[in-house]
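# I need the structure of the sequence given here:
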Amino acid sequence: MRYWAWLSSLLFAGIVQAAALPNFHAEYDVHALGMALGTSTQQFHCQADGVCTLTACTEPQGLARLFTSEHFLEQSALKQTPHNLVWERYRKQKFDGDRLVKTVTLLRQPDGSVLYTEKKRTYPQRDHLFDMLTLPLYLAWLHQNNQPLPMELYLQDNNWQDRIQWQVRAVPDTVVLSDDDREVKALRYEGDLLHARITLWLVPTFHHLPGRVEVVNKEKQKTIVLQLRKEPQTP
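The predicted model follows:
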């Protein structure tokens, strides 16, 4: 019996459970069209079974409130397994005041394909696929577990599914926290897609959570920037 226990320990000694992402609360300033538009509050929470949700509430602030009452609620679901982080669904709701204007729902199907529920549109199965809300978290998870970027990584939008071609990977840089102008060290990623360009700054001292996110819509030639206001709150 001792022999088999010893042999089993040798066979499975290299299998290590992945480090989980921490629960967190983070606040970002949102910029577009060269001006501050509002704030985005993000809340990440994982249950004991590894089912995780990332919720983002984006609202106009300051002068922007004079021009619009639109605000957005986004929620993504992920599954943290012992060896991977898997995207499962995304929902975005647009409100005008208290009135729900539009809902976008993307669901991973049992066969791995992605269904855009409201339009009955289906996208192909991909092993490594995330929406824009959760993509920075996946990169943070890779860093937490000393894992390389996969050969193929896809960004899922309701209108398209594009492979990311990385131009820059983990280049040392800095970002400035908007609340106190504190400069923190970061790792910059730049990716090119058919429909967009993305730049992400991950902050190692904040569990590699994003300190800044820039997304350029190539078709509309519009840029949205999220700038971290202060250090995220973690347990």
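
# what residue is smack in the middle of the chain?
Thr134 (2.0 Å; Cα atoms, centre = their mean).

# So it sits against Trp87, correct?
Yes - when contacts are counted by Cβ atoms under 8 Å, Thr134 is listed as touching Trp87 (6.0 Å). Bear in mind the C-beta positions are built from the backbone N, C-alpha and C, glycine included.

# Give me the common contacts of the two.
Ser76, Leu78 (Cβ atoms under 8 Å, 6 or more residues apart in numbering).

# burial of Phe130, as a residue count?
23 (other Cβ atoms under 10 Å).

# Can you give me every residue that contacts it?
With Cβ under 8 Å, 6+ apart, Phe130 has these contacts: Trp87, Leu137, Tyr138, Leu153, Tyr154, Leu155, Gln156.

# what's the closest of those residues to Gln42?
Among those, Leu137 lies closest to Gln42 (Cβ to Cβ), at 9.6 Å.

# okay but that closest one is in contact with Cys46, surely?
No - look at Leu137 against Cys46 with Cβ under 8 Å: they stay out of range, at 10.9 Å.

# Neighbour count for these two, which is higher?
Leu137 (25 against 17).

# Look up how far Gln167 lies from the more buried one.
21 Å (Cβ to Cβ, to the nearest Å).

# on that earlier part again, excluding chain neighbours, what is closest to the residue nearest to the centre of the chain?
Ser76 (4.7 Å; Cβ to Cβ, 6 or more residues apart in numbering).

# okay, and the common contacts of Leu137 and Cys46?
Common neighbours of Leu137 and Cys46 (Cβ under 8 Å, 6+ apart) are Leu21.

# How about Thr81: which residues does it bridge to?
Asn84 (DSSP bridges).

# pretty sure it contacts Val51?
No - in this structure, Thr81 is not within contact of Val51 by Cβ under 8 Å, at 10.6 Å.

# Which residue of those two possesses the greater neighbour count?
Neighbours were counted for Thr81 and for Val51 using other Cβ under 10 Å; Val51 has more, 13 against 10.

# ok, now which ones touch the more buried one?
For Val51, the contact set (Cβ under 8 Å, 6+ apart) comprises Ala77, Leu78, Lys79.

# Top of the residues you listed by number of neighbours, please.
Most surrounded of the contacts of Val51: other Cβ under 10 Å gives Leu78, at 22 neighbours.

# Not counting its neighbours along the chain, what's nearest that residue?
Spatial nearest neighbour of Leu78, chain neighbours left out: Cys52 (4.5 Å); criterion: Cβ to Cβ, 6+ apart.
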